[in-house]
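K.L.:
Sharing a sequence plus its predicted fold:
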Amino acid sequence: MTASTDRLPASLVLVLGGLSAIPPLATDMYLPALPVIAADLGSDEGSIQFSLMAFFAGLMLGQLFYGPFADRYGRKPLLFVGLTIFVLSSLGAVLVGNVRDLNILRFVQGLGGSVGMVMAVAIVRDLYTGLKASRLLSLVVMVLGVTPIIAPLLGSTIIAAGSWRIVFVVQTLLGVILMLGVWRKLPETRPVELRKATSPAQTLRNYARLLVNTRFMPFVLVVSIAQAGFFAYLSASAPVFIATFGLSPFAFSVAFALNALGMMASARMSAFVHRRVRADHIVRGALVVYLLAALALVTMTVTGAASLIPFAATLFVIIATLGFIMPLSTLLAMESVGEIAGTAAALMGAFQFGTGALSSAAMGAFSDGSALPMAACIMACALVATMLSMVAFPKRASDKAAP
């Protein structure tokens, strides 16, 4: 369906932004606590970083389930299922006593939390296309961008004032609040006639169709690979800034928040630029900037010139480019898949968090106390994503709204 009014409901933006914010909040509140959790559970930071990989793996697999079932049974029932899983696993993490159990619960938490992102993208596509979808996606990313500003500051404050376990108490409460928001403020956007046309066999056919869809997969691969560099930053930034550059957990949270502000501002700017420039051209331009900044990051790391200010400034540029790449690549991918938006959003999310899990695993495996593994991973992702955008994007990617 297509909404008829030009005004985007504030409650819709807030609920969709909150649902999309579950994974980054569950990650970013957790980052300043990594050294403390490692010490408390008698482990090393490399092993604790694998709990991030477990969370991202849960996000990847969960979306493959929620998307098709939401096409079949509607958006809201699946939201309640996923949020319930998230709440229960977050509550379980409060009581965890060892790294193994923490990894298991983080995986389950990812399974539950993944429902928010896939449903938010599917609901946007249910309601809007074209420039209006771009506006809504940019607003959702802006709300999403507030999370990395607040979450690490909140996490570091909790660690300073009490136990790291309170981080998971807060995440439990967030899940409950979002369940209330979905119940009271979010309409069911999946038409009944489209639900009836979906079956398990049809779902498999839809996945097969999407995997060979040249107007869908290039954008999915580009945003997934670009975001893999971001996940490397998420996994390794706390040890790099705290151990290598000597920042306190609170100072690290401030630096992390500044990067989030850059992403939020560029996401908002992307909607305005999109009014005058084709979305695929914007994505390509942002990827080139991303690549050049990543090359600078590796250069200063290898040459030993990576002092705090230039290193942090270069990372700021890298993260800001994602404010253009993420919403516009998502828009371009979803434009041609309206009738199976849930399945498409699930597949896209699975690719994004699958690559994120791989880059997080690489950070855990190659962690050596320096910034080089993170910088090298970011540059590799930037190079592959940029080259892919140049050769695989459709020659005339559609930028027009459906009637």
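P.N.:
Nice, thanks for sending it over. All values reported here derive from a predicted model rather than from experimental measurement.
K.L.:
pLDDT-wise, which helix or strand of the chain ranks last?
P.N.:
helix 192-196 (a mean of 70; mean pLDDT, DSSP states H and E).
K.L.:
in whichever helix or strand comes after it, what's buried?
P.N.:
Beyond helix 192-196 on the C-terminal side, the first helix or strand identified by DSSP states H and E is helix 200-211. Within helix 200-211, the residues scored as buried using 16 or more other CB atoms under 10 Å are 203, 206-207, 210. For glycine as for every other residue, the C-beta is placed from the backbone atoms N, C-alpha and C.
K.L.:
by contact count, what packs against the helix or strand where A251 lies?
P.N.:
Following DSSP H and E, one finds A251 within helix 249-274. Under the contact criterion of 3 or more CB pairs under 8 Å, 6 or more residues apart in numbering; DSSP states H and E, helix 249-274 touches helix 130-161, helix 217-239, helix 279-302, helix 308-334.
K.L.:
List the buried residues for it?
P.N.:
In helix 249-274, counting by 16+ other CB under 10 Å, buried: 249, 251-253, 255-264, 266-268, 270-271, 273-274.
K.L.:
Report the mean confidence score over that helix.
P.N.:
Mean pLDDT, helix 249-274: 84.
K.L.:
ok now it, how far from the chain's centre?
P.N.:
On the basis of CA atoms, centre = their mean, to the nearest Å, the separation between the geometric centre of helix 249-274 and that of its chain is 14 Å.
K.L.:
which stretches of the stretch 251-400 of the chain have low pLDDT?
P.N.:
Where the stretch 251-400 of the chain drops to pLDDT under 70, the residues are 338, 369, 396-400.
K.L.:
Now with 90, please.
P.N.:
251-277, 279, 302-309, 323, 326-327, 330-350, 352-373, 392-400 (pLDDT under 90).
K.L.:
What are the contacting residues of stretch 73-86?
P.N.:
19, 22, 62, 66, 69-70, 108-109, 111-116, 119, 122-123, 126, 171, 175, 178-179, 182-183, 186, 188-190, 195, 342 (CB atoms under 8 Å, 6 or more residues apart in numbering).
K.L.:
Just the ones of those in strands?
P.N.:
Among these, no residue falls in strands (DSSP state E).
K.L.:
Of those residues, keep whichever come out buried.
P.N.:
Among those, those that count as buried by neighbour count (16+ other CB under 10 Å) are 19, 22, 62, 66, 69-70, 108-109, 111-116, 119, 122-123, 126, 171, 175, 178-179, 182, 186, 189-190, 195, 342.
K.L.:
Y66: what's it in contact with?
P.N.:
Here Y66 is in contact with 78, 81-82, 114-115, 118-119, 342, 346 (CB under 8 Å, 6+ apart).
K.L.:
Name the nearest residue to L16, ignoring sequence neighbours.
P.N.:
A120 (4.4 Å; CB to CB, 6 or more residues apart in numbering).
K.L.:
Same question for G116.
P.N.:
L19 (3.4 Å).
K.L.:
so what's the one you found up against?
P.N.:
L19 makes contact with 79, 115-117, 119-120, 178, 182, according to CB under 8 Å, 6+ apart.
K.L.:
Tell me which two of the residues you listed sit farthest apart.
P.N.:
M117 and V182 (13.9 Å; CB to CB).
K.L.:
Just the pLDDT for V222.
P.N.:
On the pLDDT scale, V222 gets 95.
K.L.:
May I ask you to confirm that it is in contact with A286?
P.N.:
No. Counting by CB atoms under 8 Å, A286 is not a contact partner of V222; they are 10.5 Å apart.
K.L.:
quick one: the residue nearest to L16 and M348, what's the gap?
P.N.:
A120 is 12 Å from M348, where distance means CB to CB, to the nearest Å.
K.L.:
Brilliant, that's me finished.
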